[in-house]
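Novice: only geometry, no sequence info:
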């Protein structure tokens, strides 16, 4: 039986290969991570220190049916399609979002909302479930940090602005005109900070951002990640999808932030086998991640279960969850679960 063909003759196997590549050559970017860091060579930045970092997974369920989202993209032309032109199935949208709580050295807490999901109705539900709506109303969340322009991380912006339209918004400076228009049409009334690549952006003591200027599938450019210097532990990295490559990202943080070279923890999507298709070319990613010798790895979202299992087999300290609220497995930190660094 022939595999389903896309508008330009792409079958499911070819589509998954494109997804594995992440639209930006994921495997290549991982292998060339050290070289990429050297291209931004500078003295390691002193971002200060914090006491601890706690992440609550609000939602890692970006969509509910893998086959449906694959079909939507294939019908639009495959991984190179413009996400704003794809006819997305209206009942398949969920979203990715997390609450990051940072304890300062003086004991005070600062809160960041990482990403704002896709479907405003789903995001409204998960925000209410986790009390994010109330925290937004009370101005207890300092800013919204959107990792990248992808549908499942950014298009749910109205759900956040519903509760706090004047929240400060931090995005990369690589958004397309459609993305900037979406911000304005969503009722945004706050301060917009556009962070560019090539430097460490210190956000507050112990917290920084870095932007990786890479092309990503369905016409998105650039992804940014959060870095925290936790006293007596080392670097904790929080990511959305990690299209820049997990090894690339971790190497960059280790080389460009003053932490004594210590990598402690990681949270977020790692974009490894998101559709459960394993390629032997991905094996070095697992061994490379194991070589980082981190103490806690809380991977979810676009990290396939097969990737989680391979991490565990390699001795990587993967943090488990509860598999509640729609997450597929207790093997990873899912919806409603927390991890502390």
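Specialist: Cool, got the structure. If you're wondering where the values come from, they're calculated on a predicted model, not measured in any experiment.
Novice: Give me the below-cutoff pLDDT ranges for the stretch 1-150 of the chain.
Specialist: Filtered on pLDDT under 70, the stretch 1-150 of the chain yields the residue ranges 1-42.
Novice: mind redoing it with 90?
Specialist: Flagging of the stretch 1-150 of the chain using pLDDT under 90 yields the residue ranges 1-43, 90.
Novice: helix, strand or coil for residue 209?
Specialist: strand (DSSP: H, G, I helix; E, B strand; the rest coil).
Novice: hmm, I was thinking of residue 110
Specialist: strand.
Novice: Which residue ranges of the stretch 201-341 of the chain form helices?
Specialist: Applying DSSP state H, counting those that start in this stretch to the stretch 201-341 of the chain gives helices spanning 246-256, 283-291, 305-313.
Novice: Which of the ones you listed has the highest mean neighbour count?
Specialist: helix 246-256 (a mean of 23; mean count of other CB atoms under 10 Å). Every C-beta, even on glycine, is put in place using the N, C-alpha and C of the backbone.
Novice: Now do that helix and helix 283-291, the angle between them.
Specialist: 40 degrees (axes from the mean of the first three to the mean of the last three CA atoms, to 10 degrees).
Novice: which strands and helices sit next to helix 246-256?
Specialist: When contacts are defined as 3 or more CB pairs under 8 Å, 6 or more residues apart in numbering; DSSP states H and E, helix 246-256 sits against helix 26-31, helix 33-39, strand 207-216, strand 220-230, strand 234-239, strand 263-269, helix 283-291.
Novice: Go again with 6 Å.
Specialist: helix 26-31, helix 33-39 (3 or more CB pairs under 6 Å, 6 or more residues apart in numbering; DSSP states H and E).
Novice: next structured bit after the last one?
Specialist: Read that as helix 33-39. Using DSSP states H and E, the helix or strand that follows helix 33-39 in sequence is strand 52-59.
Novice: Touching that following strand from outside, list them.
Specialist: 95, 97-103, 126, 130, 228, 236, 267, 333, 335, 337-341 (CB atoms under 6 Å, 6 or more residues apart in numbering).
Novice: among these, which are in strands?
Specialist: Judged by DSSP state E, the contacts of strand 52-59 include 97-103, 228, 236, 267, 338-340 as members of strands.
Novice: quick one: which two of those residues are the most distant?
Specialist: Within the ones in strands among the contacts of strand 52-59, 97 and 103 form the most distant pair, 20.7 Å apart (CB to CB).
Novice: Would you mind telling me which of those two has more residues around it?
Specialist: residue 97 (31 against 17; other CB atoms under 10 Å).
Novice: what's the burial count for the residue nearest to the more buried one when sequence neighbours are not counted?
Specialist: Among residues not flanking residue 97 along the chain, residue 58 sits closest, at 4.2 Å (CB to CB, 6 or more residues apart in numbering). If you count neighbours by other CB under 10 Å, residue 58 ends up with 25.
Novice: Likewise for the one 5 residues further on?
Specialist: Close neighbours of residue 63, defined as other CB under 10 Å, add up to 22.
Novice: Contact partners for it?
Specialist: The contact partners of residue 63, taken as CB under 6 Å, 6+ apart, are 69, 92, 94.
Novice: Kindly recompute the last result at 8 Å.
Specialist: Listed by CB atoms under 8 Å, 6 or more residues apart in numbering, the contact partners of residue 63 are 69, 92, 93, 94, 118, 152.
Novice: OK, contacts around the second one?
Specialist: So the one you mean is residue 92. 63, 64, 65, 68, 69, 72.
Novice: Relative to residue 94, how far out is the third one?
Specialist: When you say that, I think you mean residue 65. Distance, residue 65 to residue 94, using CB to CB, to the nearest Å: 10 Å.
Novice: which one of those two has more residues nearby?
Specialist: Between residue 65 and residue 94, residue 94 has the larger neighbour count (other CB under 10 Å), namely 23 against 12.
Novice: Tell me the spacing between the closest residue in space to that one that isn't next to it in sequence and residue 216.
Specialist: The shortest distance from residue 94 to any residue other than its chain neighbours is 4.3 Å, reached at residue 61 (CB to CB, 6+ apart). Counting by CB to CB, the gap from residue 61 to residue 216 is 20 Å.
Novice: That concludes my questions; thank you for your assistance.
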